[in-house]
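J.: predicted model and sequence below, questions to follow.
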Amino acid sequence: MKQGSMNLNLFLACFLFVAVVGVGQNAAPSSHIVFDDNFEGDILVNEVRVPEDGVAMYTYYETLGWRGDASGYAGIQVHPRANNFIFSIWDHKAHKAPIRAVYTGPGTLTEEFGGEGTGLKSWNFELGWEPNTWYTLVSRSWAVRDHTYYGFWARSGKTKRWTHLVTMDVAAKNAYFQGGTDAFIEDWLETGKNLRTANLRGGWKRKTDGEWYPFQSGRYSVNYWDLEPGKRSFNFKTNWDGGVAKDETGLFYFMTAGGKSTKPSVNNPSRHEVTRTEAKPPYERLRLLKAEALMVDRKLSVTWEVDERSLPPFQFRLKVLEQKMEDIVRVIAAHSEVKPHGRFAEMILPEIENGGSLWVEIKCSDILGNESKKMSIKIDRTTAAAVGKVRKPKK
């Protein structure tokens, strides 16, 4: 076992010991905003920002939380090791096998967790996040035979780049996201003297019929049972606030907990609204940059690159076209696959007579269901290779 893993496990052991055995009364109050998407869906989107004065060690700023047969949560943390991203799914009696990671992005770690339940957790300390920057978090679920896969992506509002952090396999059929989607702020090691704040905006859920729903309102609340004498937040029982605020970026929800001067300006609980007029999430659809194809005998290998500042890919579709005459084009092979991290595919082509021109046509859909523009590559069968240029076969 690596030294870093040993230190991390030691920290978790200490954390669980404190959480279970040595609970005091000095934690900042745990707070929630539960949004109004009270239906099933297959995609969740939300944006989170931590202002400079709202960064506090041992704080979890959960941004996406859902219920169902594969309930889970995703967000960002201030951790002793680094500012990290976290994505977790709980075990459920409906699961036929343990949850497993089928893809982990660079820097993503996965491990089983326990304490308040069991499941699979992923976190990424290498990607990192910065204060005063909006981050978009997306989770999408999709069917793979009788299982459900869950992908997790993050976008930095500063660099505009998207990162695919993890995909998990849950052995349950049609385990959709159930609402309302929850966001919370949590002090997990009793540091209530330190103020922590989360800003939230731009939340969406896609219904199972493909219709997008923008979060229109949220119910803010503080865990009242933690505010009583002897409970974990008693010494900071009035140090909380939440609602809607506005700055140069527009309206957003906020939650603040801890800090000596924090006082509530709203009731516990209270409901707040942000009127939305958008029809769907406003991110740039996937853009293909270039592709390469190599054909050896009948084996065709295709690789492609995407613009990381556009939405990440979800599914790719390949067609091989033969053009024998000036105005005749026919499809001789095709391949389609849902593989968000895929940038490579191989195909075995049928026997083809010499004389015709061959083209590979690439098209992808992104994680929010948008279609990319088509890219076509002409294959020179004499040299058995072609470097991708955006060209279209004549019709």
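T.: Looks like it came in fine. Residues are numbered from 1 along each chain as shown.

J.: going by C-alpha atoms from here, please, whenever you check contacts or count neighbours.
T.: Fine.

J.: where are the low-confidence patches of this protein?
T.: Scanning the chain for pLDDT under 70 picks out 1-23, 325-327, 354-355, 380-395.

J.: domain assignment for it?
T.: 3-273, 288-387 (automatic domain parsing).

J.: where do the helices sit along the protein?
T.: 3-20 (DSSP state H).

J.: which residues touch the nearest residue to Gly203 once chain neighbours are set aside?
T.: For Gly203, ignoring the flanking residues on the chain, the nearest one in space by Cα to Cα, 6 or more residues apart in numbering is Asn46 at 4.1 Å. Asn46 sits next to 63-64, 136-138, 200-204 when contact means Cα atoms under 8 Å, 6 or more residues apart in numbering.

J.: how many neighbours does Glu278 have?
T.: Neighbourhood size, Glu278 [other Cα atoms under 10 Å]: 11.

J.: ok, it - contacts?
T.: Pro214.

J.: next, it: phi, psi?
T.: Per-residue torsions, Glu278: phi -70, psi 150 (degrees, to the nearest 10).

J.: from Gln178, how far off is Lys96?
T.: 20 Å (Cα to Cα, to the nearest Å).

J.: and the two? Which one has more around it.
T.: Gln178 (20 against 12).

J.: tell me the bridge partners for the more buried one.
T.: Here Gln178 sits in beta bridges with Glu40, Arg67, going by DSSP bridges.

J.: give me the distance between it and Arg206.
T.: For Gln178, the distance to Arg206 equals 11 Å [Cα to Cα].

J.: overlap in contacts, the two.
T.: Residues within reach of Gln178 and of Arg206 at once, by Cα under 8 Å, 6+ apart, are Gly41.

J.: hmm, Pro350 is touching Leu300, no?
T.: No - Pro350 is beyond contact range of Leu300, at 10.7 Å (criterion: Cα atoms under 8 Å).

J.: among the two, which residue is more densely surrounded?
T.: Legend: neighbour count by other Cα under 10 Å for Pro350 and Leu300, higher for Leu300 (19 against 10).

J.: how far away is the more buried one from Met347?
T.: As judged by Cα to Cα, Leu300 and Met347 stand 5 Å apart.

J.: name the nearest residue to Val55, ignoring sequence neighbours.
T.: Arg196 is the one closest to Val55 (Cα to Cα, 6+ apart), at 5.5 Å.

J.: what does Asn268 give?
T.: Closest residue to Asn268 apart from its sequence neighbours, by Cα to Cα, 6+ apart: Ser221 at 5.2 Å.

J.: cool, and Ser139?
T.: In space, and not counting its chain neighbours, Ser139 is closest to Phe152: 4.6 Å by Cα to Cα, 6+ apart.

J.: ok, now Asp37?
T.: Looking at Asp37 with Cα to Cα, 6+ apart, the closest residue is Gly180, at 4.8 Å.

J.: quick one: contacts for that neighbour?
T.: 34-39, 66.

J.: out of the residues you listed, which end up buried?
T.: Buried members of those, scored by 16 or more other Cα atoms under 10 Å, are 34-37, 66.

J.: take the residues you listed and keep only those in strands.
T.: Among these, the residues falling in strands (DSSP state E) are 34-35, 66.

J.: can you lay out those residues as JSON lines showing distance to Val244?
T.: Shown next, in JSON lines, are those (distance: Cα to Cα, whole Å):
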{"residue": "Val34", "distance to Val244": "13"}
{"residue": "Phe35", "distance to Val244": "13"}
{"residue": "Trp66", "distance to Val244": "22"}
